[in-house]
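Novice: below are the sequence and a predicted model; questions follow.
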Amino acid sequence: MMADGQEYYVGIDIGSTASKTVIMQGEKVIDAFTLPTGWNGREISELIYSKLQEKGYQKAMRCIATGYGRVCVDYADKVVTEITCHGRGAWALFGKNCTVIDIGGQDTKMINIENGQVRDFLMNDKCAAGTGKFIEVMATRLGAGLEEMYELARNGQPLAISSMCTVFAESEVISHIGAGKKREDIAAGVIESVANRVAGMANRFGAGDTIVLTGGLSVSPYFIEILSKKLGKDVDCHPFARYAGALGAAMSAGRLKRVECIDIE
């Protein structure tokens, strides 16, 4: 524990693909890490606790869990919804009224934030076709990692992938592969199809002029570029945007309204 004896505020966001943890002390983010969720939420929860123990954070911590696997974090003091945590984390990172687009592995969320409060939201959890998981599955089909997938897409001409269901969209990709189409063009079609679905959802939701991106796809400059074109407006991002949900959970643990700084390597 730190010499000043302050508590650690721990936020854990267990998503379907990746689990993010943020540790704060006062209004400062002092640590953060990401682990693959794997197949079992209970196991990743225990692994996160082991890492917290290694670093000594569990000695004096208050913990809030969020994400689809939040109920698996049995050492959390409380569980809080993803909408609340992502809204709070996004406000802390961007500090302005905005529409938050969070593209996760399992669902896509739209959240309108006004003066730090969630005013409205929309959640698409019916199908993975407009999520990060869809890109991950298609990358595997193309024998590529995620970084390679984006690089291939940047150098390709998008092929049409029109199915709204992941299963049928995957069949389209398999057909393109079987027809000998270029990997670059198939990859570009996959990214284009996800961006189209997200943009369509944003338009139905009535996204405002200021749009920010959180979640796993916020680390991809190429996807941000494509989504901006589809929306006809710049999509803002932040280097820590992937951790927005966990950050909001940590802030909830400390009942914090703001983040002073993010002091991690």
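Specialist: Noted; the coordinates are in hand.

Novice: run through the neighbouring helices and strands of whatever helix or strand A202 lives in.
Specialist: Take DSSP states H and E as the rule and A202 turns out to sit in helix 183-205. Under the contact definition 3 or more C-beta pairs under 8 Å, 6 or more residues apart in numbering; DSSP states H and E, helix 183-205 sits against strand 98-103, strand 108-114, strand 117-124, helix 132-141, helix 146-154, helix 166-178, helix 221-231. In short, each C-beta sits where N, CA and C put it, glycine included.

Novice: ok, now how distant is L35 from L47?
Specialist: 6 Å (C-beta to C-beta, to the nearest Å).

Novice: sorry, slip of the keys, the one I care about is H176.
Specialist: Distance from H176 to L47, by C-beta to C-beta: 38 Å.

Novice: who does the most centrally placed residue in the chain form a beta bridge with?
Specialist: Most central in the chain under C-alpha atoms, centre = their mean is G215, positioned 1.6 Å from the mean C-alpha point. With DSSP bridges as the criterion, G215 is bridged to I103.

Novice: on the pLDDT front, check it for me.
Specialist: The per-residue pLDDT reported for G215 equals 86.

Novice: now swap in the one 10 residues further on and tell me
Specialist: At E225, the model reports a pLDDT of 94.

Novice: ok, it - how many residues close by?
Specialist: 14 (other C-beta atoms under 10 Å).

Novice: swap in C98?
Specialist: C98 has 21 nearby residues by other C-beta under 10 Å.

Novice: hmm, it is touching N115, no?
Specialist: No. The pair C98 / N115 is not scored as a contact, 11.2 Å apart, by C-beta atoms under 8 Å.

Novice: which elements pack onto the strand or helix carrying I64?
Specialist: Following DSSP H and E, one finds I64 within strand 61-66. Here strand 61-66 touches strand 8-14, strand 78-79, helix 82-94, helix 244-254, going by 3+ C-beta pairs under 8 Å, 6+ apart.

Novice: alpha carbons of it, in PDB - could you do that?
Specialist: Below are the C-alpha coordinates for strand 61-66, written out as PDB (Å, rounded to 0.1, in the frame of the first residue of the first chain):
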ATOM      1  CA  MET A  61      -9.300  -1.600  -2.200                       C
ATOM      2  CA  ARG A  62     -12.800  -0.800  -3.000                       C
ATOM      3  CA  CYS A  63     -13.900  -2.600  -6.200                       C
ATOM      4  CA  ILE A  64     -16.700  -2.100  -8.700                       C
ATOM      5  CA  ALA A  65     -17.300  -4.600 -11.500                       C
ATOM      6  CA  THR A  66     -19.100  -4.000 -14.800                       C
END
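
Novice: and that strand, which strands flank it?
Specialist: Here, using DSSP bridges, strand 61-66 pairs with strand 8-14 (parallel), strand 78-79 (parallel).

Novice: ok, then the element right after the longest one?
Specialist: Just to be clear, that refers to strand 8-14. Immediately after strand 8-14, counting by DSSP H and E, sits strand 18-25.

Novice: how about low-confidence regions in the stretch 101-250 of the chain?
Specialist: For the stretch 101-250 of the chain, the stretches with pLDDT under 70 are 125-130, 163-166.

Novice: N112 and S218, how far apart?
Specialist: Using C-beta to C-beta, N112 is found at 18 Å from S218.

Novice: typed the wrong thing, it's A18
Specialist: 12 Å.

Novice: have a look at those two and say which one is more surrounded.
Specialist: S218 (24 against 20).

Novice: which residue sits closest to that one, ignoring its sequence neighbours?
Specialist: Excluding the flanking residues, the one nearest S218 by C-beta to C-beta, 6 or more residues apart in numbering is A241, at 4.0 Å.
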